[in-house]
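S.K.: Here's my sequence, what's the structure:
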Amino acid sequence: MSKLAKTLRRNIKWGEKELAKKNVNHREVPCVIDASAGQQKQVTIDKVPTITKSRGSGKNSFWETSQRRFLTVPELAKLQGFDYKKLKFDKDVPLTAQGGMIGNAMSLPVLKFVMKRALLAAGMMKK
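M.R.: So this is what the prediction gives:
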């Protein structure tokens, strides 16, 4: 962690203090700190803050406390409901751009839920 930028280190320490206030052992319980956030810092327990284009494209955005590392682009894809291995990115597309696209995407489970309800309501699909 000593090689990280000062802001990232400060935000991670802030998040760990917030978890300690809640009596959460962040070394054992999976928690995520939005380390690249400015004023809107977040810490979540057993879930991930909203993945956006800017957060997805930054390789140092979401700090996973129990593993003491940042989430990877394939992990962000999985959290959005995608199988990263099946995504077809050109080989020259950098991971930061891939993460941005994943952050820009709608979550597949949410999209499936909404579309099914919309099609049922429109009478275009049967239960």
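
S.K.: buried set for the helix or strand of the chain with the lowest mean pLDDT?
M.R.: Least confident helix or strand, the chain: helix 53-57 with a mean of 88, by mean pLDDT, DSSP states H and E. Using 16 or more other C-beta atoms under 10 Å as the test for burial, helix 53-57 gives 55-57. (C-beta placed from N, C-alpha, C; glycine too.)

S.K.: Go ahead and name everything in contact with the top helix by length along the chain.
M.R.: Counting residues, the longest helix in the chain under DSSP state H turns out to be helix 6-21. For helix 6-21, the surrounding residues in contact (C-beta atoms under 8 Å, 6 or more residues apart in numbering) are 1-2, 4, 26, 31, 33-37, 41, 43, 45, 60, 63, 65.

S.K.: Give me the sheet partners of the helix or strand just after it and which way each runs.
M.R.: Next helix or strand after helix 6-21 toward the C-terminus (DSSP states H and E): strand 31-34. Strand pairing for strand 31-34, using DSSP bridges, gives strand 43-45 (antiparallel), strand 62-64 (antiparallel).

S.K.: Single out the most deeply packed of the ones you listed.
M.R.: Highest mean neighbour count among the strands paired with strand 31-34 (mean count of other C-beta atoms under 10 Å): strand 62-64, with a mean of 22.

S.K.: Out of the contacts of helix 6-21, which end up buried?
M.R.: 26, 31, 33-37, 41, 43, 63, 65.

S.K.: Next, give me the two most distant ones among the residues you listed.
M.R.: Distances among those were taken as C-beta to C-beta; the most separated pair is His26 and Ser36, at 18.0 Å.

S.K.: residue contacts, the nearest residue in space to Phe70 that is not next to it in sequence?
M.R.: The shortest distance from Phe70 to any non-neighbouring residue, by C-beta to C-beta, 6 or more residues apart in numbering, is to Asn60 (5.3 Å). Residues counted as contacts of Asn60 (C-beta under 8 Å, 6+ apart) are 4-5, 8, 35-36, 70.
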